[in-house]
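> I'll drop the sequence and a predicted model, then ask my questions.
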Amino acid sequence: MTDNDREIFDLKTYSFDLPAELIAQYPVNPRDSSKLLVYDRSRGELKDEIFHNIIDYLETGDTLVLNKTRVIPARLYGYKDSGAKVEIFLLRKRGLNWEALVKPARRLRSGSTVKFPSSQEYIEILEDLDLEGGRLVTIRNCTDETEFLNRNGHIPLPPYIAREDEESDKENYQTVYARETGSAAAPTAGLHFTGELMEKLKTKGIKFVTLVLHVGIGTFRPVKAQDIRTHQMHFEFFQINSDAAQTLNETKKSGKKIIAVGTTVVRTLETVYNDDYGFSAASGETNIFIYPGYQFKAIDGLITNFHLPQSSLIMLVSAFAGIENTQYAYQHAIKERYRFFSYGDAMFIK
């Protein structure tokens, strides 16, 4: 292994210092007035823009791929029979039950129940999945889970947003095209799109296709392995239909560009693409981990937010743009006071 290889796979390569005040606590309004840092890979050039001007960087016939997952109001605050307050974070559906994270883990073991104010429904802990608070749970006395969650659940803001969720987050932390409920976090690159901007893009002849990847809590977990190649990604459910696959194949055949809106879209498209027959309808789970050295097959461009140090997401961006180019872009963004993470500004890598 060369010194360069060691650097590529060394976790420290993906570290950077970020002033705390650049971590966005609220989104901008309107959504498409956020900053946009455009990086041209062929020229090695950066340009500061406003997101709604992304239309100037796309051509007729290009296809934008969106993740239409919808965030569950999955954070529940309840109490035990003793009156002790507890928290349950629903992660993903498993049949009629849910995989969840509970706090405090030592107080909520198999057989425990959690009640909620002014609610006939309660949650029963069915099984201990791990010692870190992972549990299999079910909602009892419940005729409509969606209504129960809308009534009792809170939007699960990421841990770096240092405030309680507010009523406005129910709208702000969803994309305008969110349809399929199932995520523990938003596909944040899509938060910058407004309905009006999408109509303008369609008028220019930009195509839209949608797929689903339900974002898991693992998206917030930093990579801990010093050699990143040993990192194990979490599994996430994805689905892409035949109409989307056909449009993507037509886009590739015509020589136009496929632009992924977010890392979740990248991971889905790179999972389903086949060198022999291109894109096809598929449904399943993926744990694909994309880091430098990966050869991209499916996408030509990426719209994404600015990501956490040492996260699998910044490794994916580094794989697509190059490590040094990504470091250069991030230092530029910090110098120019871009806003980082979920409610922050965007980057377009073309």
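Thanks, I have it. Numbering: from 1, shown residues only.

> so where's this protein uncertain?
For the chain, residues meeting the criterion pLDDT under 70 lie at 1-3, 220.

> Now do the longest strand belonging to it: which elements does it pack against?
Of all the segments assigned as strand in the chain under DSSP state E, the longest by residue count is strand 85-94. Contacting strand 85-94 under the criterion 3 or more C-beta pairs under 8 Å, 6 or more residues apart in numbering; DSSP states H and E are the following elements: strand 75-79, strand 97-103, strand 134-140. No exception for glycine: its C-beta is placed from N, CA and C like everyone else's.

> Take those strands and lay them out in CSV including mean neighbour count and distance to residue 312.
Shown next, in CSV, are the helices and strands packed on strand 85-94 (neighbours: other C-beta atoms under 10 Å; distance: least, C-beta to C-beta, whole Å):
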stretch, mean neighbour count, distance to residue 312
strand 75-79, 18, 23
strand 97-103, 20, 19
strand 134-140, 19, 20
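
> coming back round to it: in CSV, list the C-alpha atoms belonging to the longest strand of the chain.
This file holds the C-alpha atoms of strand 85-94, laid out as CSV (Å, rounded to 0.1, in the frame of the first residue of the first chain):
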residue,chain,number,x,y,z
LYS,A,85,-40.2,10.0,31.4
VAL,A,86,-38.8,8.1,28.5
GLU,A,87,-38.1,8.6,24.8
ILE,A,88,-38.8,6.2,21.9
PHE,A,89,-37.4,6.9,18.4
LEU,A,90,-39.1,4.7,15.8
LEU,A,91,-36.5,3.8,13.1
ARG,A,92,-38.2,1.5,10.6
LYS,A,93,-41.2,-0.8,10.2
ARG,A,94,-40.7,-4.5,10.6
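
> shift numbering so it begins at 14
Sure, I'll start numbering at 14, so the last one becomes strand 98-107.

> Run through who's touching it.
Residues from elsewhere that reach strand 98-107, judged by C-beta atoms under 8 Å, 6 or more residues apart in numbering: 85, 87-93, 111-117, 120-121, 127, 136, 149-150, 162, 166, 169, 195, 197, 227, 229-230, 250.

> Roughly how far does residue 40 sit from residue 219?
Here the criterion is C-beta to C-beta, to the nearest Å. By it, residue 40 lies 23 Å from residue 219.

> just to revisit the earlier point, return the set of buried residues in the longest strand of the chain.
Neighbour-count burial for strand 98-107 flags 99-105 (criterion: 16 or more other C-beta atoms under 10 Å).

> Check stretch 46-61 too.
Residues of stretch 46-61 classed as buried under the neighbour-count rule (16+ other C-beta under 10 Å) are 47-52, 59.

> Show me how the protein divides into domains.
Structural domains of the chain, as assigned by automatic domain parsing, span the residue ranges 16-84+183-362, 88-167.

> Can you tell me which of those domains is nearest to residue 177?
When those are compared for distance to residue 177 using C-beta to C-beta, the nearest one is domain 88-167, at 8.1 Å.

> so how far is the first residue of the closest one from its last?
Across domain 88-167, the terminal residues are separated by 5 Å (C-alpha to C-alpha, to the nearest Å).
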